[in-house]
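In: Give me a 3D structure for the following:
(one chain, ligands or ions: 1)
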Amino acid sequence: MSLPHPQFPVGEPINWSALPEDIGRLDDNLTKWLLATGSLTEKLKACCTEFQVEVLGEAELPSLQYESSISTTLWVREVLLLLDGVPWVFARTLIPPALLRQTQVDFKGLGTQPLGQLLFSHHEFVPGKIEIGHTALNGKVSQLSTSINQPCDSLWGRRRFFTYKQHEMQVCEFFLPAAINYMEAETARSCSNH
Ligand SMILES: C=C(O[C@@H]1C=C(C(=O)O)C=C[C@H]1O)C(=O)O
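Out: Predicted coordinates:
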């Protein structure tokens, strides 16, 4: 295991909601990506030749106040998802240690394999609600984006819940400027075709 990224953990408080008041001002395509069900990995793979997962860090860490009222610590996995070498998504997955103890699925041994490969191939992990939110102005996630040459002051993302027996894990994904540029170009193309 390589050393964790100097900015790991990047998590920051997010005001998640099922339907944010200002979602109407978002690009239509971004809204579709934010609300899409199924594996994000598979959707991203359809947009590139080479898909890679870069692990920024993985560790059991104290839960942030808004992340869990049940577990005082969470297994945290933070990654960048790269399409043809360009980071499109920052993802932060939160797994209660009690879930890790109960499942045979080896989340800790994932490495650079995409998490979705495990989640969507084991039917006992049931996808649940999706919430939308955006990061703080110039917060830790924006600072990470800027540090990888994708400057921005805030990023939109989503939080997906997956249940496993009596446990709940969270997968948070934030679309980086490179992904937003692609989505906005897709919207422009679809508008010009009408
Ligand atoms: C949950 C999925 O797995 C993706 C891969 C992740 C990882 O490898 O850590 C994290 C979030 C997802 O974007 C998915 O493909 O939908």
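
In: Only the buried residues of stretch 27-43, if you could.
Out: By neighbour count on 16 or more other Cβ atoms under 10 Å, the buried set for stretch 27-43 is 29-31, 33-34, 39-41. Where you see a C-beta, it was placed from the backbone N, CA and C, and this is true even at glycine.

In: That stretch: how far from the chain's middle?
Out: 11 Å (Cα atoms, centre = their mean, to the nearest Å).

In: Let me see the mean pLDDT of it.
Out: Over the span of stretch 27-43, the pLDDT mean works out to 94.

In: which stretches of the chain form helices?
Out: Secondary structure of the chain (DSSP state H): helices located at 28-35, 40-45, 97-102, 115-119, 140-147, 177-192.

In: From the ligand, how far off is the residue nearest to Pro4 when sequence neighbours are not counted?
Out: Setting aside the residues directly before and after it, Pro4 is nearest to Gly57 in space (Cβ to Cβ, 6 or more residues apart in numbering), at 3.3 Å. For Gly57, the distance to the ligand (Cβ to the nearest ligand atom, to the nearest Å) stands at 11 Å.

In: Please apply the same query to Gly24.
Out: Distance of Gly24 to the ligand, computed by Cβ to the nearest ligand atom: 25 Å.

In: quick thing: my sequence starts at 44, can you match it?
Out: Renumbered: residue one is now 44, and that last one reads Gly67.

In: Run a quick neighbour tally on that residue.
Out: Around Gly67 there are 8 other residues, counting by other Cβ atoms under 10 Å.

In: repeat for Gln186
Out: Using other Cβ under 10 Å, the number of residues around Gln186 comes to 15.

In: before we move on, back to that, please convert the helices of the chain to TSV, extending it with distance to Val132.
Out: Shown next, in TSV, are those (distance: least, Cβ to Cβ, whole Å):
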stretch	distance to Val132
helix 71-78	10
helix 83-88	7
helix 140-145	23
helix 158-162	11
helix 183-190	11
helix 220-235	6
